[in-house]
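S.K.: Need the 3D shape of this:
(2 chains)
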Amino acid sequence: MLQGIDLACVRGQRRLFGNLNFSVPPGEALWVSGPNGSGKTSLLRMLCTLLAPEAGEVRWRGKRVRELGDAYRAELAYLGHAAAVKDDLSGLENLRFALAQDGLRVPEAALADALGRFGLAEREDLPARVLSQGQRRRVSLARLLFCSERPLWILDEPLTALDVQAIELVRALIAAHLGRGCVVVLTSHQEVDLSGVKVQNLRMVG
Amino acid sequence: MEAVLDTARENRTGLAGAFVSVVQRDLLLAVRRRADVLTSFFFFIIVVSLFPLGVGPEPNTLREIAPGVVWVAALLASMLALHRLLAGDYADGTLEQLVLSAQPLTVLVLGKILAHWLVTGIPLVLIAPLLGLQFDLPGDALAVMALGLLLGTPVLSMLGAIGAALTLGVRGAGGLVALLVLPLYIPVLIFGAGAVSAAMSGQSVEGHMSLLAAFLLFSVVVAPWATAAAIRIAME
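M.R.: Prediction:
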């Protein structure tokens, strides 16, 4: 479903990777691992069209993503390195605007419920400024609860700063998404226990 | 959860909803960070007020310099506020999400520019006639000045957005934005200030106003598109 063909990435003077090939069928996860600076984030940004590959191409359902444009972006949910959480807005407002930006209006109760599932019950009205690193991460992850219709999730370090409980929740979400025949691409330094689902390991070398 | 998702599905608001939400979010952020907004507003008031103090109380001189002073101060104040337009969103990853939205980036950018103008441009339009009194401007000239600013300040926000997008992620972006954007402001300055001078000498201001309106229409078409293109480049 998602294919990378002969991908190459050059940042500044350095060639991060070249001739990178992979193919992820529906229902499978691609786990990108490797040391810092090996190009994991660059690869993920390439997959979601934020970064143009130096060479090669990314294909989604057999078509070039550059040509699919907005149609591809409509099928994609990306959680980046930066959490995209506004310090001056509450968790609830952050989540509401993140979804509204995609043209999705969700009732307040459902938003509060989603934040509650991520352990932010009664903290949903606090400005994100006072939340801890892990809690901010949870605010941005709560968006995934409303992204089940988007068949491609690209998650950059989704487990960073999370505690065991939250990691388990994200794991369950990913497993459920793969169960729907969708594709998840993620990076992580930690070993992710995705038991019961098929995971391809793409190891980047520094 | 499935029931929740069903309601979400039914409430797809599409492009208009996304546009409105971008405007709402930026207005809410401006309310939360009032100090930022008030800085450029008071900057405008102080710069304009310094001139009568510096030049002296000769009414004829003051009347003569008033259009230029108010307009130059408006350009500087509007430029001063540009760093808030995109840099914050760039730093915290929100801009990435805007770029990846299924809605066209051009429209979302237009929403950001509109919100920016509402909090930086509109206050200048409203306070300018009051400041004009310090320069002993007659009533009709004050009205022309306010109308000119109403047409001109959105153009400043639009052109400024291009500059802000081009300098995303650049060190010392503030100074660079000034160099990029101020020359582009020149036509607005000439016809905005020219309209006030014309009104004072009893000439028709229709030509000036038509040109300002034409700049506005032109920038509405071109600026969001150019800004969106510059943002995409900045993402790489």
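S.K.: three-state assignment of A:Asn201?
M.R.: At A:Asn201 the chain is in strand, as set by DSSP: H, G, I helix; E, B strand; the rest coil.
S.K.: And A:Asp102, by the same measure?
M.R.: Per three-state DSSP, A:Asp102 ends up coil.
S.K.: what sits against it?
M.R.: B:18, B:101-103 (Cβ atoms under 8 Å, 6 or more residues apart in numbering or on different chains). C-beta: built from backbone N, CA, C; applies to glycine.
S.K.: Farthest pair within those residues?
M.R.: Of all pairs drawn from the contacts of A:Asp102, the greatest distance, 8.5 Å, lies between B:Ala18 and B:Ala102 (Cβ to Cβ).
S.K.: circling back: so which of the contacts of A:Asp102 wins on neighbours?
M.R.: Most neighbours among the contacts of A:Asp102, by other Cβ atoms under 10 Å in any protein chain shown: B:Ala18, with 26 neighbours.
S.K.: who's in contact with that residue?
M.R.: A:100-103, B:101, B:103, B:107-108, B:111.
S.K.: Setting the sequence-adjacent residues aside, check what's closest to it.
M.R.: B:Gln103 (4.3 Å; Cβ to Cβ, 6 or more residues apart in numbering or on different chains).
S.K.: quick one on the thing from earlier: now tabulate the contacts of A:Asp102 in CSV and tack on secondary structure.
M.R.: Output for these, formatted as CSV (three-state DSSP):
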residue, secondary structure
B:Ala18, helix
B:Ser101, coil
B:Ala102, coil
B:Gln103, coil
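S.K.: In these, which has the lowest confidence score?
M.R.: Scanning the contacts of A:Asp102 for pLDDT, the low point is B:Ala102. It has 83.
S.K.: Would you agree it is in contact with A:Tyr72?
M.R.: No: B:Ala102 is not in contact with A:Tyr72 according to Cβ atoms under 8 Å; the separation is 9.1 Å.
S.K.: which element is B:Ala228 on?
M.R.: helix B:206-235 (DSSP states H and E).
S.K.: what's the answer for B:Ala77, then?
M.R.: Here B:Ala77, judged by DSSP H and E, is contained in helix B:59-80.
S.K.: for that helix, what is the average pLDDT?
M.R.: 93.
S.K.: now swap in stretch A:139-156 and tell me
M.R.: Rounded mean pLDDT across stretch A:139-156 is 89.
S.K.: Check which residues of it are buried.
M.R.: Buried residues in stretch A:139-156, counting neighbours by 16 or more other Cβ atoms under 10 Å in any protein chain shown, are found at A:139-148, A:150-156.
S.K.: Endpoints of it, how far apart?
M.R.: 15 Å (Cα to Cα, to the nearest Å).
S.K.: mind listing the helices for chain B?
M.R.: For chain B, the helices defined by DSSP state H occupy B:2-10, B:14-32, B:34-55, B:59-80, B:83-92, B:94-100, B:105-133, B:139-166, B:173-200, B:206-235.
S.K.: likewise chain A?
M.R.: A:40-47, A:65-68, A:70-73, A:91-100, A:108-117, A:133-141, A:164-179.
S.K.: low-scoring stretches of chain A, by residue?
M.R.: Across chain A, the ranges flagged by pLDDT under 70 are A:192-193, A:195-196, A:206.
S.K.: which one is the residue in it positioned nearest to chain B nearest to, not counting chain neighbours?
M.R.: Residue of chain A nearest chain B, by Cβ to the nearest Cβ: A:Ala82 (2.8 Å). Leaving aside its sequence neighbours, A:Ala82 sits nearest to B:Gly93 (Cβ to Cβ, 6+ apart; 2.8 Å).
S.K.: Quick check on the one you found: phi, psi?
M.R.: Here is the backbone geometry of B:Gly93 (degrees, to the nearest 10): phi 90, psi 0.
S.K.: mind listing what it touches?
M.R.: Taking Cβ under 8 Å, 6+ apart, we find B:Gly93 in contact with A:80-85.
S.K.: now it: how far from B:Val220?
M.R.: According to Cβ to Cβ, to the nearest Å, B:Gly93 stands 28 Å off from B:Val220.
S.K.: and what of A:Ser148?
M.R.: Separation of A:Ser148 from B:Val220 (Cβ to Cβ) stands at 37 Å.
S.K.: before we move on, what about A:Pro35?
M.R.: 48 Å.
S.K.: who's more crowded, these two?
M.R.: Between A:Pro35 and B:Val220, counting by other Cβ under 10 Å, B:Val220 is the more crowded of the two (16 against 11).
S.K.: my guess is that one contacts B:Ala161, does it?
M.R.: No: between B:Val220 and B:Ala161 there is no contact under Cβ under 8 Å: 11.4 Å.
S.K.: wait, what's in contact with residue 48?
M.R.: Picking chain A for this. A:Cys48 neighbours (Cβ under 8 Å, 6+ apart): A:73, A:76, A:78, A:154, B:100.
S.K.: actually it's chain B I care about, not the one you picked
M.R.: B:Val48 touches B:69-70, B:73, B:131, B:134, counting by Cβ under 8 Å, 6+ apart.
S.K.: State the pair within these that is farthest apart.
M.R.: B:Ala73 and B:Gln134 (12.0 Å).
S.K.: of those two, who's got more company?
M.R.: Neighbours were counted for B:Ala73 and for B:Gln134 using other Cβ under 10 Å; B:Ala73 has more, 22 against 16.
S.K.: I'd say that one and B:Phe42 touch.
M.R.: No: using Cβ under 8 Å as the test, B:Ala73 is too far from B:Phe42 to be in contact (11.4 Å).
S.K.: ok, for the residue nearest the centre of chain A, nearest residue in space, not its chain neighbours?
M.R.: The residue lying closest to the centre of chain A (Cα atoms, centre = their mean) is A:Leu155, at 1.9 Å. Nearest non-adjacent residue to A:Leu155, counting by Cβ to Cβ, 6+ apart: A:Leu186, 4.3 Å away.
S.K.: Break chain A into its domains for me.
M.R.: According to automatic domain parsing, chain A comprises the domains A:1-75+A:150-206, A:89-149.
S.K.: quick one: which of those is nearest B:Pro123?
M.R.: domain A:89-149 (22.7 Å).
S.K.: Can you give me the neighbour number for the residue nearest to A:Leu155?
M.R.: For A:Leu186, using other Cβ under 10 Å, the count is 24.
S.K.: Report the beta-bridge partner residues of it.
M.R.: In this entry, A:Leu186 is beta-bridged to A:Trp31, A:Leu155, by DSSP bridges.
S.K.: these two touch, right, it and A:Ser33?
M.R.: No: applying Cβ under 8 Å as the test, A:Leu186 and A:Ser33 come out as separate, 9.6 Å apart.
S.K.: For B:Gly121, which non-adjacent residue is spatially closest?
M.R.: Spatially, and ignoring its direct neighbours in sequence, B:Gly121 is nearest to B:Thr153 (3.4 Å; Cβ to Cβ, 6+ apart).
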